[in-house]
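> What follows is a predicted structure for the sequence shown.
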2 protein chains.
Amino acid sequence: MPNKAFSKVKPRQPALPVNEWVYATLCELILHGEFVPGVTITLRGIAESLDVSPMPVREAASRLISEGALEVSVKRRISVSQMTQEKFDELVLARLSLEPELAALALPYIDSERLKLLIDIDKKLDVAISTGNIEDYTKYNCQFHFGIYEAAPSPVLLPIIKSLWLRFSPFYRIVAGRAGTQTLDDYHEAAIDAIKAGDPVALAKAIHEDIEEGMDMLNESIGTS
Amino acid sequence: MPNKAFSKVKPRQPALPVNEWVYATLCELILHGEFVPGVTITLRGIAESLDVSPMPVREAASRLISEGALEVSVKRRISVSQMTQEKFDELVLARLSLEPELAALALPYIDSERLKLLIDIDKKLDVAISTGNIEDYTKYNCQFHFGIYEAAPSPVLLPIIKSLWLRFSPFYRIVAGRAGTQTLDDYHEAAIDAIKAGDPVALAKAIHEDIEEGMDMLNESIGTS
DNA sequence: AATTGAGATCTGTGATCACAAATTAATAAA
DNA sequence: TTTATTAATTTGTGATCACAGATCTCAATT
């Protein structure tokens, strides 16, 4: 029986090397929670689903393993990494340490066009919160944060932060499905105000508090996944 | 003509997969400055030098590329990453943000045996500074820092910090050969005192200042490499 | 019905082959 | 001697093959 392909993967533009396309696609799938943490994944299975040879999948997978998004069990079985209390605490610490810094660095690069985009995303976010749409919430929350971070030319911090989100997202989606969005404050508005005011310290603070709130919400749900 | 093998690479213990041994070996070589940043490296050349097939080298290289230690030029040429002012500033920011945090986290795990080891390393470090031995200085400085960090079970922060050092070391060795060690204060002693006192805040501060000093020393040397 | 064990299948890992793009070497023209 | 053009080699990338160990299947035995 031929393996079922994933729903709606972006088609590859021929200029891009296959392994990078596979990597980007797997990132998307992980971020969107298509893989259940702990359930084994096979290189040949992915290759068949993506209609490529196993080779580029190997390279993409080894990249994701070295970034911590995938993990290999004692007897060489690959799966999306499971969350532990230890990992969670360190991921939060790393996010709180790096993301406000990058946000402050990015502020001078945020032009009016990007600000408009951020405000628009925040609006969609509010709708997602009020309607309890977890799918949209996680999507627009990600877009909002990286909409700020990616304004800055950041060859070091941005990839690190991306890898943190990659490790965090699968777990986030699991617990978000239970917790709901009703208790979420909106620190994004404080961030937007800080951007308007051109105040990097206030922006860093807003991002810090936004992360802290989101993480606190999930902290007690770790063992129950 | 057969390619010349690298001097003194640790032999592979058969239990370890070949690709991981290659990865660890390349890490060592990069940390020890065996590769000149910007000079192209070939997969087949490494494979021949290490007496393995090109395949495990490919996996190790793609890992190092995704970690930023190696970079691939526009026309697919691989080399050790060159330092830029942008990268340098972000690497310093990341180090200052993460390493003091991990040091503070690691403090409770530092037993008397490890403390003794750190004191011993610091002694060798003093000798290296007074004799102007750059080689030993970089080695023992690395050992001292990771002697602290590795005390803590750290699945997230430690690998990130390792990748930061991996990107920084090749550049460090280049400029250290010019700058000399004569002006270096010894913040390591402050760190040791903080460990003895069981004071995580003081330890974080000592690490912070140690990094700041070392980085300041190199900051103006960037464009001249 | 439960358990065991032999055979088949699947998986990650390493080796080898194939190929287009790029670099280098060699040769010819000035 | 210098420059331009062509041939040969090298390089990264992708496909395929090989293999040992793990996993699964399923019939035979208790």
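Ah, there it is. Numbering: from 1, shown residues only, chains lettered A, B, ... in the order given.
> now the residue most central in space within chain A: how far from DNA strand C?
Closest residue to the average C-alpha location of chain A: residue A:165 at 3.6 Å, with CA atoms, centre = their mean. Remark: distance between residue A:165 and DNA strand C (CB to the nearest atom of the strand, to the nearest Å) = 24 Å. Bear in mind the C-beta positions are built from the backbone N, C-alpha and C, glycine included.
> what about that residue, which SS state?
What DSSP: H, G, I helix; E, B strand; the rest coil gives for residue A:165 is helix.
> For the strand or helix carrying residue A:137, which helices and strands make contact with it?
Using DSSP states H and E, the element containing residue A:137 is helix A:134-149. Other helices and strands packing on helix A:134-149, by 3 or more CB pairs under 8 Å, 6 or more residues apart in numbering or on different chains; DSSP states H and E, are helix A:85-106, helix A:112-131, helix A:157-179, helix A:187-197, helix A:200-219.
> residues of the third one that come out buried?
Residues A:157-158, A:160-176, A:179 are the ones in helix A:157-179 that count as buried (16 or more other CB atoms under 10 Å in any protein chain shown).
> Next, the angle helix B:157-179 makes with it.
170 degrees (axes from the mean of the first three to the mean of the last three CA atoms, to 10 degrees).
> Is chain B within reach of helix A:157-179?
Yes. Helix A:157-179 reaches chain B (CB under 8 Å from any CB of the partner chain) through A:157, A:159, A:160, A:164, A:167.
> Tell me how far the helix-or-strand element of chain A with minimal mean pLDDT lies from the chain's centre.
Here the helix or strand of chain A ranked lowest by mean pLDDT, DSSP states H and E is helix A:157-179, holding a mean of 86. Mean-position distance between helix A:157-179 and its chain equals 5 Å (CA atoms, centre = their mean, to the nearest Å).
> just checking, what packs against that helix?
Checked by 3+ CB pairs under 8 Å, 6+ apart, helix A:157-179 has helix A:18-31, helix A:85-106, helix A:134-149, helix A:200-219, helix B:85-106 packed alongside it.
> so can I have JSON lines of those helices showing distance to DNA strand D and mean pLDDT?
Compiled in JSON lines, the helices and strands packed on helix A:157-179 are given as follows (distance: least, CB to the nearest atom of the strand, whole Å; pLDDT from 0 to 100):
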{"stretch": "helix A:18-31", "distance to DNA strand D": "3", "mean pLDDT": "95"}
{"stretch": "helix A:85-106", "distance to DNA strand D": "23", "mean pLDDT": "97"}
{"stretch": "helix A:134-149", "distance to DNA strand D": "25", "mean pLDDT": "92"}
{"stretch": "helix A:200-219", "distance to DNA strand D": "30", "mean pLDDT": "91"}
{"stretch": "helix B:85-106", "distance to DNA strand D": "21", "mean pLDDT": "97"}
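> Only alpha carbons, please: show stretch A:19-29 as CSV.
Extracted as CSV, the C-alpha positions of stretch A:19-29 are listed here (Å, rounded to 0.1, in the frame of the first residue of the first chain):
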residue,chain,number,x,y,z
ASN,A,19,17.2,18.5,0.9
GLU,A,20,16.5,22.1,1.9
TRP,A,21,12.9,21.8,0.6
VAL,A,22,12.5,18.6,2.7
TYR,A,23,14.0,20.4,5.7
ALA,A,24,11.6,23.4,5.3
THR,A,25,8.7,21.1,4.8
LEU,A,26,9.5,19.0,7.9
CYS,A,27,9.9,22.2,9.9
GLU,A,28,6.4,23.3,8.8
LEU,A,29,4.9,19.9,9.6
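> any idea how chain A splits into domains?
A:18-80, A:85-224 (automatic domain parsing).
> quick one, which of the ones you listed is nearest to residue B:70?
domain A:18-80 (12.3 Å; CB to CB).
> roughly how far is the closest one from the heart of the chain?
With CA atoms, centre = their mean as the basis, domain A:18-80 stands 16 Å off its chain's centre.
> for DNA strand C, what are the nearby residues on chain A?
A:40-45, A:54-55, A:58, A:62, A:72, A:76-78 (CB under 7 Å from any atom of the strand).
> Counting neighbours, what do you get for the residue nearest to residue A:18 when sequence neighbours are not counted?
Spatial nearest neighbour of residue A:18, chain neighbours left out: residue A:56 (4.3 Å); criterion: CB to CB, 6 or more residues apart in numbering or on different chains. Number of residues near residue A:56 (other CB atoms under 10 Å in any protein chain shown) recorded here: 20.
> List the residues that contact residue A:192.
A:115, A:118, A:119, A:122 (CB atoms under 8 Å, 6 or more residues apart in numbering or on different chains).
> State the pLDDT value of it.
We have a pLDDT of 97 for residue A:192.
> Then residue A:3?
43.
> Repeat that for the one 10 residues further on.
We note a pLDDT of 75 for residue A:13 in this prediction.
> Tell me the secondary structure of residue A:10, please.
Following three-state DSSP, we place residue A:10 in the coil state.
> Phi first, then psi, for it.
phi -60, psi 130 (degrees, to the nearest 10).
> Tell me how many other residues crowd it.
9.
> cool, and residue A:75?
That count, for residue A:75 with other CB under 10 Å as the rule, works out to 5.
> and residue A:34, which of the three is it?
Going by three-state DSSP: residue A:34 is coil.
> Okay then, goodbye and thanks.
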